[in-house]
Every structure is written in C-alpha cells, then in structure tokens.
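> here you go, sequence then predicted model.
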Amino acid sequence: MSAERIDLNLLRVFDAIFEDRNLALAGKRLHLSQSAISHALGRMRDVLGDDLFVRTGRGMEPTVRALAMATQVRGALAQIKAALGVDTFDPAIARRTFVLAANDYITALLLGRLSQRLSAEAPLVDIVVRPSTRLDLAGQIDVGRIDIAIGIFADVPRRFRSIDVWAQTDVLLLHREHAIAERPLTREDLLTYPLVAVSQGGEEEGAVSGFIVERGLARQSEMFDRDALNRGFADSADVPRVRMAVAHSLAIPALLRHSDMLALVPSSLGRELERSGELKMCATPYTCPDVTVRAVWHERNDADPGLQWLRQQLIDVSRQVRSR
C-alpha cells in the first residue's frame, strides 16, 4: 500500500463511520449522500486491503484493523485542523454536540447548572452524557467517542490530560426522624445500624480497593472509601455492615425513608440531598481523606477550541458546587 493513494477525505469518512457505526449517519455528519459514503468506504477497502467495517445487526462493526487505526486517524485529523488553524468556536452560534461521561450524582450536580449557562451563552450546543461506569471508558476516550470523563481516578495515563473539578470526602446521611438524628454519630452507631452505599462494580468485576483499571485509567467503582472505613474499625472485633449496595446514588432518599439505615456518600452529594430537608448529613466517626473529582480528556483535544471552552464552563459551574 502506498500512502500517496490515500485521500485525506477518506480518513474523514473512516472517522465518521467509526463514530456513528452507520453509513447514513456518517453521511449526514459529513453532508454527503449514503452512496458517496459507500463509494468512499469501497475505495478505502481497496487501498488498505481490509473490510474495515462489517455490517451486523448492531450496525457497521469495525474490524481489528479499523480498531487499530481509529485513535491515530482521529489524532491525525485533529493535528491537521490545528496546523491549518481552521478550528474556531463561537459559542453564540456554534452547532456542536459534546459527549461527557459521568455517574448520576456528578451529572445531577453539574449538568443542571451547566444547562442554564448553555441556554444563555450557547443555545445551539447539545450535551450527551454517557455513564462513566461503561466498560472500557479509557478506550472510548481513546477513539473519541467520549470527549470528557468526569469522576474520581486513581491513575491517569500520560496520553490523557486532567483538571481538578472539586474535592470531597465521605459523609453519612440519615433521615431526620432517625432515632439518633439529634446527636453526633459514633463508631458504635455504625455497628448498630446497617449501611447503604453506592457501588458500581466490586471485586467480582475486577475492582481493587474500589477502582477498576482499564487501559491504564483507574476509575472509582465504589462511591466511598472502603479502605478508610476498614481502617476506622481495625481495632474492633466487628465491622460495619453494608446491607445494601446500590448502583444509583439518587435512590438514597427513598431508601432512607422509614428506615434505620445510614447512607455512606460523597460530601458533595450529601450536601445536595440535605437541601430537601428530609435528610441530615453528619461527619464520619473515623478519619476519611479528601479525594478529588477530575475531568479527563485525550491529549489530542488540548487545542480544540470547543473543548477548551467546555472545560472552562465545567470549571466555572463546579465553583457553585464547591462553594456550597
């Protein structure tokens, strides 16, 4: 194969098909007919000697060769745009869809505030939020299917960039009609009353110390510090009982209603849920360190004006979360 036979427009078509897994959608993205997209795919197959995409019931599935190419092709296209200076972003008139990855409580804390800002400053910009717990989050960032992932990450590989969004620690929530709601919580309370915690993947799914590692990116799967909890009771014959582990943190108010359970949650979420007046937030009766929520993206998107703008919006609205 000769590099001279590759038309750069074919790479744009490849990238669009890889992103959408559908020829019609790829054509719409590039303002080309489906027949033009099919013709371009045929040319790529001829030049590269590989099918690249195979039609299945789930859409156009990439071959091993296509999967190997995808990250580098998208990076090369981004570098060409940056070199030519053709990327511009005016939020007042820009039509663009950004894809974020976040869990439910981070979505609740950030997206309502971000939506208000978009309505005022970027009325044609759309946001799609994917669950940050999806398998192979790092791979989705690598191939450009996710622009920014927001969460707690123990390790971030060198090919990714990150910024701090806010710091938080673990706190306890209980219903205001709970028998112990009028006094500080003690270690004995945690041994007396069962806990509910948020967990989106445990040891059975490969989690180690509450984190799952994929392609070098270690993302939090348990929304509490289990090691700190265990250290807090290292001198005790008993340990607190996690009666319920749920995947959705916003179910916690209903679970604490008419219950003697205590909820172990991030402080940012605890403050938000306490606002309803139904629940009370208390400090843990053991030492629990702060952790940092971060926004992570691929290094090739550092110079993307649209994503630079979006990252700044996230930082701005996160100040409202931190200041509460």
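Right, received. Where do you want to start?

> residue 276 - nearest residue in space that isn't next to it in sequence?
Ranked by C-beta to C-beta, 6 or more residues apart in numbering and with sequence neighbours excluded, the top spatial neighbour of residue 276 is residue 253, at 6.8 Å. C-beta: built from backbone N, CA, C; applies to glycine.

> confirm that that neighbour sits in a helix.
Yes. Residue 253 forms part of a helix when assessed by DSSP: H, G, I helix; E, B strand; the rest coil.

> ok, it - contacts?
273, 276, 278-279 (C-beta atoms under 8 Å, 6 or more residues apart in numbering).

> can you pick out the most distant pair from these?
The two members of the contacts of residue 253 with the most space between them (C-beta to C-beta) are 273 and 278, at 8.2 Å.

> more neighbours: which of the two?
residue 273 (21 against 14; other C-beta atoms under 10 Å).

> can you give me the helices for the stretch 101-250 of the chain?
For the stretch 101-250 of the chain, helices defined by DSSP state H, counting those that start in this stretch occupy the ranges 104-121, 137-142, 187-192, 226-232.

> can you put those in a markdown table and add mean neighbour count and distance to residue 262?
Formatted as a markdown table, the helices of the stretch 101-250 of the chain follow (neighbours: other C-beta atoms under 10 Å; distance: least, C-beta to C-beta, whole Å):
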| stretch | mean neighbour count | distance to residue 262 |
| --- | --- | --- |
| helix 104-121 | 17 | 17 |
| helix 137-142 | 22 | 30 |
| helix 187-192 | 17 | 7 |
| helix 226-232 | 16 | 12 |
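
> okay, the ones you listed in JSON lines with mean pLDDT and distance to residue 265 next?
Putting the helices of the stretch 101-250 of the chain into JSON lines (pLDDT from 0 to 100; distance: least, C-beta to C-beta, whole Å) gives the following:
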{"stretch": "helix 104-121", "mean pLDDT": "90", "distance to residue 265": "8"}
{"stretch": "helix 137-142", "mean pLDDT": "89", "distance to residue 265": "22"}
{"stretch": "helix 187-192", "mean pLDDT": "96", "distance to residue 265": "14"}
{"stretch": "helix 226-232", "mean pLDDT": "93", "distance to residue 265": "13"}
